[in-house]
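Visitor: have a look at this prediction, sequence included:
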Amino acid sequence: MSKQVRSLIDKLDRDKTLSKAEWVTVFDNWDEDDRAYAAGLAREISQSVFGNKIYIRGIVEFSNVCKNDCLYCGIRRSNTNAQRYRLTDEEILHCCDEGYEYGFRTFVLQSGEDYAVYTPERMAGIVRSIKAAHPDCAVTLSLGELERDALALLREAGADRYLLRHETADKEHYQKLHPAGMSFEHRMNCLHDLKDLGYQTGAGIMVGSPYQTGECLAEDMLFFAEFRPEMIGIGPFLPHKDTPFRDMPKGSCELTLLLLSLCRIMLPDLLLPATTALGTIRPDGREQGVLHGANVIMPNLSPSAVRKKYLLYDNKICTEDSTGECRFCLQNRMKSIGYEIEITRGDHR
Ligand code: 5AD
Ligand code: FES
């Protein structure tokens, strides 16, 4: 065990902050004992805030059409092999109704940037319908970089939360992951708009994305400390065969787990999912995520017919399973490590 890293983890636990140089030291020197040490602290913290309860959110992936061309993403515009689909409003509502029966009290509407077809007005109508059918539920949106007036309209329609991973807090790194037309500043402005409009806001990163360094991760931790997102989504980068990053190495499962623990230690009441990508890189990845401080799981509510088409990376799990199968699979997985699924909205406190 690196004594230096361990004392920095203790310092983070005490002060809830580290300097950039200290973060770089952690990311350049950590070992497996340090990860286990951080996991122990993170688990104690999540147990004291949430007990052994895990929140679930059901994701409806309603369109895989995207006007963007992010270099890492399987549904990027240039991928002509992707079979594109769009769900109707009725299909989206039906997924939520089915999810409700299975105990979901948060619905996450996620898609590519398909704004020409799913206009802000149409999305607002869908949000209103879900809220009318299920007034006891939270609606989370994950639609990419909408403009402020559209975000305001959706907030007025009843949307509670918004997920928009910043991907990296290092501008130069951001430019290596995205085409020239996309801007780091626009994404960061969008995140600030979301907070400002009263959304519970989620940021996040891929661990081991191409060209990521310890310094990039240090910037990400400083960004989290300053922005204080209510949620942080962290999963390993996984290559997709039809993208420019097809031959890039996948991210490290262990480093992903360490980052989950560090986020939990830094922001004790954070909503922190054990992501699908983590469950893909390792069969017990989501259980390990929970054991490293995660307190949220986000399975899919999408219809079986389209599940195999929403592929951001290769080998995604649960594409052959139904809403009910995932629901009970997760219940058993959580039970096997001593946790229970809670049937609530699971808001940030
Ligand atoms: N590997 C892992 N995560 C990915 N995402 C997109 N493509 C990949 C990939 N190849 C993540 C991004 C995005 C979220 C919806 O999925 O972080 O914000
Ligand atoms: Fe989907 Fe296990 S969670 S099959």
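Guide: In hand now; what should we look at? Just so we're clear, the structure is a prediction, and the values are computed from it rather than from any experiment. Numbers count the residues shown, from 1 in each chain. Ligands and ions are numbered 1, 2, ... in the order given.
Visitor: residue 281: neighbour count?
Guide: 23 (other CB atoms under 10 Å). C-beta here means a position set from N, CA and C on the backbone, and glycine is covered the same way.
Visitor: against ligand 2, how distant is it?
Guide: Counting by CB to the nearest ligand atom, to the nearest Å, the separation of residue 281 from ligand 2 is 15 Å.
Visitor: I figured that residue hits residue 249, correct?
Guide: No. Look at residue 281 against residue 249 with CB atoms under 8 Å: they stay out of range, at 11.7 Å.
Visitor: output the below-cut-off pLDDT ranges for this protein.
Guide: 1 (pLDDT under 70).
Visitor: what helices or strands is the top helix by length along it leaning on?
Guide: The longest helix of the chain (DSSP state H) is helix 32-50. Judged by 3 or more CB pairs under 8 Å, 6 or more residues apart in numbering; DSSP states H and E, the packing partners of helix 32-50 are helix 3-15, helix 253-266.
Visitor: packed most tightly, which of these would that be?
Guide: Comparing these by mean neighbour count (mean count of other CB atoms under 10 Å), helix 253-266 comes out on top with a mean of 25.
Visitor: what packs against that one?
Guide: Contacts defined by 3+ CB pairs under 8 Å, 6+ apart place helix 253-266 against helix 3-15, helix 32-50, strand 200-207, helix 214-227, strand 231-236, helix 276-281, helix 285-291.
Visitor: among the ones you listed, which is nearest residue 170?
Guide: helix 214-227 (4.5 Å; CB to CB).
Visitor: output the contacting helices and strands for the closest one.
Guide: Helix 214-227 packs on helix 20-29, strand 200-207, helix 253-266, going by 3+ CB pairs under 8 Å, 6+ apart.
Visitor: nearest to residue 304, of the ones you listed?
Guide: Comparing these by CB to CB, strand 200-207 comes nearest, at 26.8 Å.
Visitor: what's next to the closest one, contact-wise?
Guide: 72, 140, 160-168, 191, 194-195, 212, 217, 220, 223-224, 227, 229-237, 251-252, 255-256, 259, 271, 277, 347-348 (CB atoms under 8 Å, 6 or more residues apart in numbering).
Visitor: and residue 162, its phi and psi?
Guide: When read as degrees, to the nearest 10, the backbone of residue 162 gives phi -150, psi 130.
Visitor: any idea how far residue 230 is from it?
Guide: 10 Å (CB to CB, to the nearest Å).
Visitor: residue 303 now?
Guide: Counting by CB to CB, the gap from residue 303 to residue 230 is 29 Å.
Visitor: on that earlier part again, who's more crowded, residue 162 and residue 230?
Guide: For residue 162 versus residue 230, the count of surrounding residues by other CB under 10 Å is larger for residue 162: 27 against 19.
Visitor: so what's that one up against?
Guide: Taking CB under 8 Å, 6+ apart, one finds 140, 141, 142, 143, 151, 194, 199, 200, 201, 202 in contact with residue 162.
Visitor: likewise residue 241?
Guide: residue 314.
Visitor: and for the one 5 residues further on?
Guide: Taking CB under 8 Å, 6+ apart as the contact definition, residue 246 lies against 239, 240.
Visitor: gap between it and residue 264?
Guide: 33 Å.
Visitor: list the beta-bridge partners for the most centrally placed residue in the chain.
Guide: Residue closest to the average C-alpha location in the chain (CA atoms, centre = their mean): residue 233, at 3.0 Å. Here residue 233 sits in beta bridges with residue 204, as judged by DSSP bridges.
Visitor: ok, residue 300 next?
Guide: residue 59.
Visitor: against residue 140, how distant is it?
Guide: On the measure of CB to CB, residue 300 and residue 140 end up 14 Å apart.
Visitor: those two - which one has more neighbours?
Guide: residue 300 (26 against 22).
Visitor: rewinding a little: out of the helices and strands packed on helix 214-227, nearest to residue 2?
Guide: Of all the helices and strands packed on helix 214-227, helix 20-29 comes closest under CB to CB, at 5.0 Å.
Visitor: now the closest one against helix 253-266, angle please.
Guide: Between helix 20-29 and helix 253-266, the angle comes out at 150 degrees (axes from the mean of the first three to the mean of the last three CA atoms, to 10 degrees).
Visitor: what about the residue in the stretch 51-200 of the chain that ligand 2 sits nearest to, neighbour count?
Guide: Distance from ligand 2 to each residue of the stretch 51-200 of the chain (CB to the nearest ligand atom) is smallest for residue 56, at 10.3 Å. Other residues near residue 56 number 25, with proximity taken as other CB under 10 Å.
Visitor: was I right to think it contacts residue 104?
Guide: Yes. Here residue 56 reaches residue 104: they are 6.1 Å apart, a contact under CB under 8 Å.
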